[in-house]
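Asks: here are the coordinates; sequence isn't available:
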């Protein structure tokens with residue numbers, strides 16, 4: 001049945017939810033927990049945001065973190081980069097491990113798509129991936145400033161945690177992800193972020209509850225009009 005279900009799930013995550021509800025395969029929401037571990041020998045960066053996750057302009061404050069999904073053939077890790085301006089996921093990367101390259105790839109993807117702004121702040125927890133030489137070298141090369149919350153405090157990266165909670169509540173826990181392989185889950189997460197979350201999902205943190213890319217488009221139009 002799962003093979004047939006997978007074929008029927010291909011069109012969209014929304015249709016997949018309805019099909020899974022039909023078969024009684026929906027999962028209950030679970031309580032999220034952090035998965036990154038701090039390197040006790042690494043020197044953490046200063047917390048430059050101090051809980052201020054608002055921004056008047058795009059590409060000034062980015063948040064990043066890692067979460068995991070348990071699939072049929074093992075764990076799949078997702079590192080995402082969120083812009084505080086409009087809650088847009090500007091970059092993300094998925095892999096079967098949570099090594100530093102996962103985070104560097106997400107950051108590089110964000111820069112490739114949305115450009116870079118000198119002095120941009122990239123905020124994370126104190127996980128070893130973010131205190132690694134590779135990640136810090138990537139930040140320095142792009143002229144970004146690093147910011148970190150306190151060890152074990154989810155509140156210091158609350159907006160990023162909120163995105164992962166939304167992803168899991170509205171997608172992961174509504175589908176039988178544990179019965180899907182990593183390639184399938186990777187496909188559905190990509191689709192959920194790119195076609196739904198960034199473009200269609202309304203956000204109470206944005207004016208008029210606008211979806212991220214809609215707010216970003218209006219911002220660019222206002223800048224062009226003012227010029």
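Replies: Everything's here; your move. Please read all numbers here as calculations on a predicted model, not as lab measurements. Numbering: from 1, shown residues only.

Asks: what secondary structure does residue 40 sit in?
Replies: coil (DSSP: H, G, I helix; E, B strand; the rest coil).

Asks: I should have written residue 192 there, sorry.
Replies: helix.

Asks: Could you check how far it is from residue 118?
Replies: Distance, residue 192 to residue 118, by CB to CB, to the nearest Å: 32 Å. Where you see a C-beta, it was placed from the backbone N, CA and C, and this is true even at glycine.

Asks: which of these two has more neighbours?
Replies: residue 192 (22 against 8; other CB atoms under 10 Å).

Asks: So that one sits against residue 167, correct?
Replies: Yes. Using CB atoms under 8 Å, residue 192 is in contact with residue 167, at 7.1 Å.

Asks: And for the nearest residue to residue 59 once chain neighbours are set aside, the neighbour number?
Replies: If the residues on either side of it in the chain are set aside, residue 59 comes closest to residue 117, at 4.3 Å by CB to CB, 6 or more residues apart in numbering. Neighbour count of residue 117, defined by other CB under 10 Å: 16.

Asks: what's the weakest-modelled helix or strand in this protein?
Replies: helix 2-9 (a mean of 41; mean pLDDT, DSSP states H and E).

Asks: before we move on, which element is the most centrally placed residue in the chain in?
Replies: Closest to where the C-alpha atoms of the chain average out (CA atoms, centre = their mean) is residue 80, at 3.0 Å. Here residue 80 sits within strand 74-83, counting by DSSP states H and E.
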